[in-house]
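Student: any chance you can model this:
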Amino acid sequence: MNIAVIRSRRRTLALQVRQNGEVVVRAPLFVREQEVRRFVEEHLNWIEKQQRKLSVAAGRRSEIRPLTAAELSALREQARRDFTERAKLYAPRVGVTYGRISIRHQKTKWGSCSSGGNLNFNCLLMLAPETVRDYVVVHELCHRKQMNHSEAFWAEVERVLPGYREARKWLKTHGQELMQYNMED
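Tutor: Here you go, the predicted structure:
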């Protein structure tokens, strides 16, 4: 198995399986090579599962046609209206305010929240069920209270959207499929 190790000032070890199936380990500067190998071995089942998912997604890729510029533009406009309405609806429930809403066509992220309170959403979410879009909006709004993924953060998401786990699961299961609309082979 080909494994790339990227060292940085991070504090923890992390794994990533790229679209091409390559395994990337992100490691703190101080972690020994032996510890990195052990970490990979402990997560072999997870790595293989991700590689299988990517293989299945690659098989579907030929069935999915990337969006044209016109389709993408229409999707962005639809997303701008949709996410603006959802943010207006959920911000009071979360108990936060927010700044600007931007709609992007990203290849890896569904949404983000800046420290200044600006919200970004991926226009491809318009191809997902409404409950998934609700979840992503609530997720990003909850970052206005907790800029992390701590237990307190997830408790806040659950308080506002008790069924969020189903939407999150949908995104994990079907997200790669949606991202295929980005791919231009």
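Student: any low-confidence regions in this structure?
Tutor: In the predicted model, the chain carries pLDDT under 70 at residues 57-63, 183-185.
Student: element containing the residue of it positioned farthest from its centre?
Tutor: Computed with C-alpha atoms, centre = their mean, the residue of the chain farthest from its C-alpha average is residue 34, at 30.3 Å. Element membership of residue 34 [criterion: DSSP states H and E] is helix 33-42.
Student: what about that helix, distance to the chain center?
Tutor: Remark: helix 33-42 is offset 26 Å from the chain centroid, using C-alpha atoms, centre = their mean, to the nearest Å.
Student: so the residue lying closest to residue 94 once chain neighbours are set aside, which state does it fall into?
Tutor: Excluding the flanking residues, the one nearest residue 94 by C-beta to C-beta, 6 or more residues apart in numbering is residue 141, at 4.4 Å. All C-beta spots, glycine's among them, are computed from the backbone N, C-alpha and C. With DSSP: H, G, I helix; E, B strand; the rest coil as the basis, residue 141 sits in helix.
Student: so who does residue 141 touch?
Tutor: Residue 141 is in contact with 87, 90-91, 94, 96, 98, 113, 119, 160, counting by C-beta atoms under 8 Å, 6 or more residues apart in numbering.
Student: can you show me the helices along this structure?
Tutor: 33-42, 44-61, 69-94, 130-142, 151-160, 164-179 (DSSP state H).
Student: which of these sits closest to residue 7?
Tutor: Closest to residue 7 of the helices of the chain is helix 33-42 (C-beta to C-beta; 9.3 Å).
Student: wait, residue 72 touches residue 123, no?
Tutor: Yes: shown here, residue 72 and residue 123 form a contact pair, counting by C-beta atoms under 8 Å, at 7.0 Å.
Student: spit out the residues that contact the two alike.
Tutor: Common neighbours of residue 72 and residue 123 (C-beta under 8 Å, 6+ apart) are residue 105.
Student: thinking again about what came up before, residue 8: which of the helices of the chain is closest?
Tutor: That would be, of these and by C-beta to C-beta, helix 33-42, which comes in at 13.2 Å.
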